[in-house]
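[1] take a look and give me a structure for this.
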Amino acid sequence: MSNLSKTVKHTIPTRWEEIKLSLYLKYYNAVKDAKPEDAGYEELIIKEFAHYLCLIHRDLFPSLEMSTIDEIGENMKRMFKQTSSMPLVQTFEIEGTEYGFHPNLQDLTYGEYLDLTHYGSKLWEEDNIYKFLSILYRPIVRKSGKEYILDDYSGTSQVRIDLFKSHMTCDVVWGSVSFFLLLQLALVNSTSLYLTELTQEAARELKQTLQTNGEHIKQSIHWLEAGL
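    Numbering: from 1, shown residues only. Next up is the predicted model:
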């Protein structure tokens, strides 16, 4: 009898547009408590990335060729380094409905701002990222050229949250989070109007948000920067 080898092809993502947020969150939850000094940290990071984002079953990991491991590692390193400079995705479509990013964040209502600040301060806990995005991206009710008007905000929409869970890709996430948080930080640092609306404690939390939300990215590329 002859042994027949079965070749299994894997798709290694090279762009955040190819990765759903739901899969990224599974990866994040799998590695968030790991520390670089832990035994097996490097193996865990790349194995979970391969499992959740490349859809390679953990059982197949030992049989992967080193060239595949290297390719996964290089793509992982490059992609995470892109997250701080991803362009803003202005509009996208889900199931026939076009969603648009808030056209003028300086005109946020007080309710929008408070909810964004609340969910943004603990962005990766529970469903906060979906709630955050459902405020920033809402259905376009009227459009003329590149200008558009969004549906009025009346609190987070569970229907929209569920749609985003099924369809949202990570390019939308990184672009919108970076854009909003950088603007938010600038407003706190330079605009007395916003500081008068915020308590000192809220302002301090706001300044810490960028650092807090970036820790899991630093954690994921720490060992790669040391040289895979």
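[2] going forward, measure contacts and count neighbours with C-alpha atoms only.
    OK.
[3] mind telling me what element Glu42 is part of?
    helix 41-53 (DSSP states H and E).
[4] please save the CA atoms from that helix in CSV.
    What follows is helix 41-53, C-alpha atoms only, in CSV (Å, rounded to 0.1, in the frame of the first residue of the first chain):
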residue,chain,number,x,y,z
TYR,A,41,4.5,33.0,24.6
GLU,A,42,5.9,33.2,21.0
GLU,A,43,4.3,29.9,20.0
LEU,A,44,1.0,30.9,21.4
ILE,A,45,0.9,34.3,19.6
ILE,A,46,1.6,32.9,16.2
LYS,A,47,-0.5,29.7,16.7
GLU,A,48,-3.6,31.7,17.7
PHE,A,49,-3.1,34.1,14.8
ALA,A,50,-2.8,31.2,12.4
HIS,A,51,-5.9,29.4,14.0
TYR,A,52,-8.3,32.4,14.1
LEU,A,53,-7.1,34.6,11.3
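[5] now that helix: buried residues?
    For helix 41-53, a neighbour-count test (16 or more other C-alpha atoms under 10 Å) marks Tyr41, Glu42, Ile45, Ile46, Lys47, Glu48, Phe49, Ala50, His51, Tyr52, Leu53 as buried.
[6] quick check: mean pLDDT of it?
    Averaged across helix 41-53, the pLDDT comes to 88.
[7] on contacts alone, who are the packing partners of the helix or strand following it?
    Note on helix 41-53: by DSSP H and E, the next helix or strand toward the C-terminus is helix 66-82. Under the contact definition 3 or more C-alpha pairs under 8 Å, 6 or more residues apart in numbering; DSSP states H and E, helix 66-82 sits against helix 41-53, helix 200-225.
[8] quick check: neighbours of the following helix or strand past helix 66-82 in the sheet, parallel or antiparallel?
    Downstream of helix 66-82, the next assigned helix or strand under DSSP H and E is strand 91-94. Strand pairing for strand 91-94, using DSSP bridges, gives strand 97-101 (antiparallel).
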